[in-house]
Structures are given as C-alpha cells and as structure tokens.
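> Sequence and predicted structure are below.
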Amino acid sequence: MPSQPVGRYEQSMNADSDPTSLVISAAFAVAALIFAVAALIGMLRRVPEGAQPDSPELRRVLPPPLPVGKVRVGLYGSLDLLPVILIFFAFSLLVVSSLLASASPDRELAVSDLLMNIGFQIFIAAMVVVYMTWRTAASDWLGLRWSAWPRVFLIGPASVMGMWLIFAMLQACGYMQWMESLGAETVQESVKLLQTTEDPAVLALMGLAAVVVAPLCEELLFRGYLYPVAKKFTGPWLAACSSALFFAAAHGNLSALLPLFLFGLLLVWIYEKTGSLWAPIAVHFCFNSATVVVQMIYRHFNIPLDAVP
C-alpha cells in the first residue's frame, strides 16, 4: 500500500527540516556564553585581597555597585563554578541527545522516557540539596522561613493569568504560525501522550511529574542554585537571562522556548521580590496544574490538538 511509505517519507522530511535540535543547542550555548563571559569579567573586576574599595585607583576601574535584591549570594564562591558547568553539560547532553533520538519517524515518547526524565530531575535536585545543606541550613539558603507565605494564594493565580495573557498575545502576533513555517513541532510530545494514552498509570505519572516533581526540582535547581550562583558573578540581569534561557532550553521544545524564557524571567523576578523559593515553587505549581487541567478538558471533550491555542 503506497500510503504508509509516503507517510513515513513525509515524517522523515519533516524531521529533517525541523530546526529544534539546532536552535535548542544554540540556546544552551548562548546561555553558557552569557554566564561564562560575564562571570569572567566579574572575576577580573573583583577587588584584590587587602585592597581598599574606596581608593581612587579602584574607583576608576570598578563598575557601579549592582542592586542586591532579596536573593542572597554570600554563600557562593568560585567553588560553585564547577557544579554549574557540570549541570549545564548534563542537561544539554541529555536534552540534545533526546531530541536527536526523537527525530526518527518511528520514535514516540514512551513511559521509560518519562521515568528517566523524572529520575534525572530528582537526582540533580537531590545532589544540589545535599551539596548546599552540607554548607548551610536550607532555610537560610532558600528563604524558607517566609512569614508572608499567604501571598502565594494571590501571586500564583495572578502569575498564571499573566502568562496566559502573554501566550495569547504571542498567538495573536502569529508566533505559532511562524513556528509552523520553520518546521517546528507546535505540540509537545508529552502533550500528545497525555491526549492519546489509555493507561491510567501513565496519566498519573505525567500528572505527578508536572504538578509535583517539576515545580520542586526545577525551582531548586534553576532559581534556588543556578540563578544565585550566576548572580554572584554576573549581576542580577545577566543571571536572570542566562538562567531563564537555560531553563527554557532544558524543556527541549522550540515552540515553547520563548514562552518558557519569559516564564523563567517571571519566576526569577518573583524570587527576588519575595526572597523565598516558596513563591516561585507555588507559581510553577499553579501554572503546571492549570496546564494539566486544561489538557484533561481537551482530552475529555475530544478537542483536537491543533485547536489548542
């Protein structure tokens, strides 16, 4: 029957024309380059040991002081550069290799992929927690003693509505049509699996990953560790951009790269404003929970994936 080979040929051509692997690799490289160059400049401009910061000589070469914010960086030093490099390398290697493997027309997202993804996130986050709690108390490191915690009931829903408004604006500007013209997948593989699987265990596993594992592990890693280390050496603005770009690239989807970059910036801003990691965790939880609920509504009413905004 000619239809099957032709369909596979078209899928293969689409996979070959999909620029996702190339752009995601470039995003990882740009995030690493921003951090590396800014960190190097910051280290070269540091006040030498024993020097007087107010001396006229240093005032001529030192940049103006950076805004401090509520995310403290005093815990971090040059020793933290090695874990950051290892995390960058591990994530970029895993994500890019997964993208290259999924380019095969017969390759579909499997339960084993979900388990590997969950296990990898938990492992990396656990290593960071062990490493940091060996140096200081978690409450001091992450600002967990947050007296204003009831604000999450306002911050969470408001942030979700704000992000949905941004997504709607991108959609109205033709962002998804542009992605389609580039040959990129506009529906993530995890969303496809959520819509098509009949296995309740898979649905439960995906819900657990999205609602519990991702908010905790990703916030511990990206906002709890990578951002303050980057802020220590580069300042808040470049740290926010590099960590948000790395966060977006780590999801491995070209269409979601810009929206997730903006979401990463929002999470950094919330962390800086509150000084507690509970706030971005709560926002991330609300955002992922709302996304899962919407996807389940689409599934229940058999709404096609291409109708998802």
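Yep, it's here. Numbers count the residues shown, from 1 in each chain.
> who's in contact with stretch 86-98?
For stretch 86-98, contacts defined as C-beta atoms under 8 Å, 6 or more residues apart in numbering pick out 21, 24-25, 28, 31-32, 113, 120, 124, 221, 226, 246, 249-252. Where you see a C-beta, it was placed from the backbone N, CA and C, and this is true even at glycine.
> swap the cut-off to 6 Å and go again
With contacts defined as C-beta atoms under 6 Å, 6 or more residues apart in numbering, stretch 86-98 is touched by 25, 28, 32, 250, 252.
> tell me which element the closest residue to the second one other than its chain neighbours is part of?
Excluding its sequence neighbours, the residue lying closest to Phe28 (C-beta to C-beta, 6 or more residues apart in numbering) is Ser92, at 4.1 Å. Counting by DSSP states H and E, the secondary-structure element that holds Ser92 is helix 81-102.
> Give me the buried positions along stretch 229-249.
Going by neighbour count (16 or more other C-beta atoms under 10 Å), the buried part of stretch 229-249 is 229-236, 238-249.
> Quick one: neighbours of Glu198, just the number.
The number of residues packed near Glu198 is 6, by other C-beta atoms under 10 Å.
> actually Leu262, not the one I typed
If we define neighbours as other C-beta under 10 Å, then Leu262 has 17 of them.
> Enumerate every residue touching it.
Residues in contact with Leu262, defined by C-beta under 6 Å, 6+ apart, are Ile166.
> switch to 8 Å and redo it
163, 166, 244.
> cool, and Phe120?
Leu94.
> Please identify the helix or strand for it.
Assigning secondary structure by DSSP H and E places Phe120 in helix 111-133.
> Centre of the chain to that helix, how far?
Chain-centre distance of helix 111-133: 14 Å, with C-alpha atoms, centre = their mean, to the nearest Å.
> What is the nearest of the contacts of stretch 86-98 to Ile85?
Ala32 (8.4 Å; C-beta to C-beta).
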